[in-house]
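Asks: Quick check, what structure comes out for this input:
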Amino acid sequence: MEAIRTTDLTKYYGKSRGITELNLTVKEREFFGFMGPNGAGKSTTIRTLTGLIFPTSGSARIFGKDIRKSRETILENIGYLPSEAVFYPGMKVKDVLKLSAQMRRKNCSKKAEELCERLQLDLSRKVDELSFGNRKKTAIVCALQSSPKLLILDEPTGGLDPLIQREFFDILKEQNRKGATIFLSSHVLSEIQRHCSRAAIIREGRIIACGEVSALSKTNARRVTVHGSVSLKGLDGIRNLTEGEGFVNFLYNGGMDLLLQRLAAGHVTDLAVSEPDLEEIFLHYYEKDGDKI
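Replies: Okay, here's the model as predicted:
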């Protein structure tokens, strides 16, 4: 079964664009990444999927159910983590977690205690006194404590230190192995590359690429670093050139024989050729006028 399916999903805020004709499918039990910079439409997509806002046109289904017609039933199976967590003032962490569980009509106390221990979250603290990172931890526990079938996470690691981030992803992997579908929205590309099997890239409200993370990472381009003295003027296929004292670094997707001829005509003391990382490839997708690598 598909955990998420959108068909021409569109949301406008008056005349302002939110998302446009979004077609997206996430399979059940997938660990799926949703990539894009701020303002690309990630949060609008998520708020539409969770029923917080209604689409202008198009449709979306969660586990086969229409988000408009079956909103309450859908929300029973979703754990949602917003990018910014806001709580009622004066409440303690344990009260927030209890209220969240009661809204789902579940007793999640045992799971909540386990998650708080792993994330180093003090249940007795008042939410007003919490740092941004600890508010994020509280929201994480709210989203995960009921062991939902679908986790929708909007920029989940902001404010978390590296050790807690690692523990958080360990928890997500455990949930995923138990059958949960993970929908991870992030602009931290290393998170997507490390943890997701498939991903979609959104730009200006539209999906511009979607597929296996390994396939999205494949490219004919190579990252080249040359130490020495060479002339690259007029050589086609060079992008993102940076120059330092005694070296040049660039992406290259031209003919390798032409590059080697040019290097042989100069003085090379060291040469490194490697595949570009996902971040470089991702940034390429955002070059409006550039040819695809």
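
Asks: would you list every one of the helices in the stretch 151-293 of the chain?
Replies: For the stretch 151-293 of the chain, the helices defined by DSSP state H, counting those that start in this stretch cover 162-177, 189-195, 213-217, 256-264, 278-285.

Asks: Any chance of CSV for these, columns mean neighbour count, mean pLDDT and distance to Gly244?
Replies: Backbone N, C-alpha and C define where each C-beta goes, glycine included. Shown next, in CSV, are the helices of the stretch 151-293 of the chain (neighbours: other CB atoms under 10 Å; pLDDT from 0 to 100; distance: least, CB to CB, whole Å):
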stretch, mean neighbour count, mean pLDDT, distance to Gly244
helix 162-177, 15, 96, 29
helix 189-195, 18, 85, 24
helix 213-217, 17, 78, 26
helix 256-264, 14, 92, 17
helix 278-285, 18, 64, 18
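
Asks: Name the nearest residue to Ser70, sequence neighbours excluded.
Replies: Of all residues not flanking Ser70 in the chain, Ile62 sits nearest, at 8.0 Å (CB to CB, 6 or more residues apart in numbering).

Asks: thinking again about what came up before, columns distance to Arg223 on top of the helices of the stretch 151-293 of the chain, output as a markdown table?
Replies: Formatted as a markdown table, those follow (distance: least, CB to CB, whole Å):
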| stretch | distance to Arg223 |
| --- | --- |
| helix 162-177 | 25 |
| helix 189-195 | 15 |
| helix 213-217 | 13 |
| helix 256-264 | 13 |
| helix 278-285 | 7 |
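
Asks: ranges for the strands of the stretch 101-250 of the chain?
Replies: Counting by DSSP state E, counting those that start in this stretch, the stretch 101-250 of the chain has strands at residues 150-154, 181-186, 198-203, 206-212, 222-229, 238-244, 247-252.

Asks: Any chance of a markdown table for those, columns mean pLDDT and mean neighbour count?
Replies: Listed next are the strands of the stretch 101-250 of the chain as a markdown table, based on pLDDT from 0 to 100; neighbours: other CB atoms under 10 Å:
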| stretch | mean pLDDT | mean neighbour count |
| --- | --- | --- |
| strand 150-154 | 96 | 23 |
| strand 181-186 | 95 | 24 |
| strand 198-203 | 92 | 22 |
| strand 206-212 | 91 | 15 |
| strand 222-229 | 93 | 17 |
| strand 238-244 | 88 | 13 |
| strand 247-252 | 91 | 18 |
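
Asks: Looking at the ones you listed, spot the one closest to Met103.
Replies: Minimum separation from Met103 across the strands of the stretch 101-250 of the chain (CB to CB) falls at strand 150-154, 16.4 Å.

Asks: mind listing what the closest one pairs with, with the direction of each?
Replies: Strand 150-154 has these partner strands in its sheet, going by DSSP bridges: strand 78-81 (parallel), strand 181-186 (parallel).
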